[in-house]
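Undergrad: What follows is a predicted structure for the sequence shown.
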Amino acid sequence: MKKITTIITVLSILLLASCEDFLEVKPSNYAAAETSITNEADAEVAINGLMRKMTSSNYYGRNFVIYGDAKGGDFALRSQGRGLDALYTFNHSATSNSYSGFWSQIYHNILQANNLLANIAKIEEAGNATDDLNEFKGQALTARALMYFDLVRMYGKPYNMDKASFGVPLILEPLDASAQPTRASVEAVYGQIMDDLTAGAPLLSTSAEDGYLNYYANLAIQARVNLFMENYTAALADAEEIINDGPYSLYSNEEWIDSWSNEFGSESILELGIYPDEADLGRGSLGFYLLRLGTVKNAMGWFMASDYWINRMSEDLTDVRWGIMDYDESSTERFGSCRKYAGVDLAGDKGSTSAVNVKLIRLSEIYLIAAESALALPTPDRVKAAGYLNQIRKRSPALAPADETTVTLDMIIDEKSKELFAEGHRYFDMLRLNRTIEFNDEFITPAVVIIHRDKTITRDFYKIILPISQAELDANPAIASQQNPGY
């Protein structure tokens, strides 16, 4: 991502809304936000700021990624009390461990996207539209779609479980501070996500600068969303367009390990830049949360791989993906510590253990979406499913390739767990597929009893989605009656 340290002063004018409560949608000096974006240069500043804000610790910079694997059973805790334990133990209520930072940070980001879109509309109305402004508009629409996709999966039930149930408030323009938006249905939120993606796609370049949303990133998000909506024909078409036409290529087995120490490799469809002097969370970074206790100063071993993930990987001890793992604090043999966000060499190409980019969408995920979608078609294309799966399964040289007679959904989902470990996907996949999630509670030493969930859960458990925080309910009485059931 382009360095933006020189434009912080401008950003302080443009990005005015508080991160504390999304209902603070129109601060007292809001007029500046309504008028300060008047040309391409201003719009570029706003996009830079939006991409930077997506690396917040309350979003892709740490917590959202951990959320997906801690709740999905691929992470385990060795000891409680180090940080973010409640994501693993499901110790959530409206007043305690609500993780309201997800809600406030993402809605704050959405406000920035809405401000930019509103100002671009004014420029267009004045007859001053340009190709560059169209590009920024496409990026803002695509970013807003991605953010609503993440919100509705955390606060709403899976689309194929109960799409008429409450999703999240749809805020598509800057609102007055007195506004009290209510929750739209899950179906309506997904509909808006697809509307934004469809509107944004033709505005985007196929070769945008590294660190920004381009046409193929938009298409990859469409593939994700269509998969979750069980629109398998569309998901497969989206994935195949990227595979066949996109400027991306899968890493070879020899390249895969080092790719985690480098930035903007051949698989990166969307990668968020992290630099020592910009967006680096230091001891609070993803890298530090996943490193073994004591690997570097302040690394505390917050989360490690579960036995279940290690068993999955142990089908092939020559699997190249072991190369990004390190032994954890439990022994000198158990490879449960992940270095994806610290670089295999604990430095990366920036010489920093914590300033490692977040690879948000990789081409390997697209192959796995294509494999699952091909298998799930009304008339399954088992040849395609096996072919796409094998492009990723080759990371395990000792495993026999799948073929049209052996390929299964279990194989694809297991491969996705292995390939996208610590990238925040597992939980959402398990929920949409209506699968039982098992937690490696025995790994916690000394053994403790988890009292806020059972060892296994299904998506019928009310805590599969987060509560709306009490502070938010108090600030917005209109949604007080729309709290998620059970809370």
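TA: That came through fine. Residues are numbered from 1 along each chain as shown.

Undergrad: ok, Gly167 touching Arg183?
TA: Yes. Assessed by Cβ atoms under 8 Å, Gly167 is found in contact with Arg183 at 6.1 Å. Where you see a C-beta, it was placed from the backbone N, CA and C, and this is true even at glycine.

Undergrad: and for these two, which residues touch both?
TA: Here Gly167 and Arg183 have no joint contacts, going by Cβ atoms under 8 Å, 6 or more residues apart in numbering.

Undergrad: How about the secondary structure of Ser352?
TA: For Ser352, the assignment made with DSSP: H, G, I helix; E, B strand; the rest coil gives coil.

Undergrad: what number of residues lie near it?
TA: Number of residues near Ser352 (other Cβ atoms under 10 Å) recorded here: 20.

Undergrad: Can you pull out the low-pLDDT segments for the protein?
TA: 1-35, 347-348 (pLDDT under 70).

Undergrad: Quick one: the strands in it, in order.
TA: Using DSSP state E, the strands of the chain run over 75-76, 166-169, 183-185, 268-272, 304-305, 325-326, 337-338, 358-362, 437-438, 456-457.

Undergrad: quick one: which of these is nearest Leu375?
TA: Proximity to Leu375 (Cβ to Cβ) singles out strand 358-362 among the strands of the chain, at 20.5 Å.

Undergrad: just the angle between that closest one and strand 268-272, please?
TA: 150 degrees (axes from the mean of the first three to the mean of the last three Cα atoms, to 10 degrees).

Undergrad: Excluding its own residues, what touches strand 358-362? List them.
TA: Strand 358-362 is touched from outside by 55, 60-61, 65, 217, 220-221, 267-272, 274, 286, 340-341, 420, 423, with contacts defined as Cβ under 8 Å, 6+ apart.

Undergrad: In helices, which of the residues you listed appear?
TA: Cross-referencing those against helices under DSSP state H gives Val65, Ala217, Ala220, Ile221, Leu286.

Undergrad: And for the first one, the neighbour number?
TA: Pointing back at Val65 there. So Val65, with other Cβ under 10 Å, has 22 neighbours.

Undergrad: quick one: the residue lying closest to it once chain neighbours are set aside and Glu365, what's the gap?
TA: Leaving out its chain neighbours, the residue that sits closest to Val65 by Cβ to Cβ, 6 or more residues apart in numbering is Gly424, at 3.9 Å. For Gly424, the distance to Glu365 equals 11 Å [Cβ to Cβ, to the nearest Å].

Undergrad: Mutual contacts of these two, please.
TA: The overlap between the contact sets of Gly424 and Glu365 (Cβ under 8 Å, 6+ apart) is empty.

Undergrad: sorry, back to before: make JSON lines out of the strands of the chain and add mean neighbour count.
TA: Output for the strands of the chain, formatted as JSON lines (neighbours: other Cβ atoms under 10 Å):
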{"stretch": "strand 75-76", "mean neighbour count": "28"}
{"stretch": "strand 166-169", "mean neighbour count": "25"}
{"stretch": "strand 183-185", "mean neighbour count": "20"}
{"stretch": "strand 268-272", "mean neighbour count": "22"}
{"stretch": "strand 304-305", "mean neighbour count": "27"}
{"stretch": "strand 325-326", "mean neighbour count": "21"}
{"stretch": "strand 337-338", "mean neighbour count": "26"}
{"stretch": "strand 358-362", "mean neighbour count": "23"}
{"stretch": "strand 437-438", "mean neighbour count": "18"}
{"stretch": "strand 456-457", "mean neighbour count": "15"}
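
Undergrad: can you redo those as a markdown table with distance to Ile110?
TA: Below are these laid out as a markdown table (distance: least, Cβ to Cβ, whole Å):
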| stretch | distance to Ile110 |
| --- | --- |
| strand 75-76 | 28 |
| strand 166-169 | 10 |
| strand 183-185 | 13 |
| strand 268-272 | 17 |
| strand 304-305 | 33 |
| strand 325-326 | 36 |
| strand 337-338 | 30 |
| strand 358-362 | 17 |
| strand 437-438 | 29 |
| strand 456-457 | 30 |
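
Undergrad: Between these, which one is closest to Met154.
TA: Closest among the strands of the chain, using Cβ to Cβ: strand 166-169, at 8.6 Å.

Undergrad: Any idea how far apart the tips of stretch 227-237 sit?
TA: 11 Å (Cα to Cα, to the nearest Å).

Undergrad: Buried residues in that stretch, which are they?
TA: Neighbour counts over stretch 227-237 (16 or more other Cβ atoms under 10 Å) mark Leu227, Phe228, Met229, Asn231, Tyr232, Ala234, Ala235, Leu236, Ala237 as buried.

Undergrad: what does that stretch rub up against?
TA: So stretch 227-237 is contacted by 149, 153, 158-160, 190, 222-224, 226, 369-370, 372-374, 376-377, 384, 428, 432 (Cβ under 8 Å, 6+ apart).

Undergrad: Of these, grab the buried ones for PyMOL.
TA: Applying 16+ other Cβ under 10 Å to those, the buried members can be selected in PyMOL as follows:
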select buried, resi 149+153+158+159+190+222+223+224+226+369+370+372+373+374+376+384+428+432
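
Undergrad: which residues in the stretch 201-350 of the chain form helices?
TA: All helices of the stretch 201-350 of the chain, identified by DSSP state H, counting those that start in this stretch, fall at 215-228, 232-245, 253-256, 286-290, 307-313.

Undergrad: just checking, the residue nearest to Val65 touches Ala70?
TA: No. The pair Gly424 / Ala70 is not scored as a contact, 9.5 Å apart, by Cβ under 8 Å.

Undergrad: Compare those two and say which is more crowded by neighbours.
TA: Neighbour comparison, Gly424 and Ala70: the larger count goes to Ala70, with 27 against 24 (by other Cβ under 10 Å).

Undergrad: contacting residues around that one?
TA: So Ala70 contacts Leu84, Leu87, Tyr88, Phe303, Tyr427 (Cβ under 8 Å, 6+ apart).

Undergrad: Repeat that for Pro467.
TA: The contact partners of Pro467, by Cβ under 8 Å, 6+ apart, come to His92, Ser93, Ala94, Ser98, Gln483, Asn484, Tyr487.

Undergrad: For it, which non-adjacent residue is spatially closest?
TA: The spatially closest residue to Pro467, leaving aside those adjacent along the chain, is Tyr487, at 3.9 Å (Cβ to Cβ, 6+ apart).
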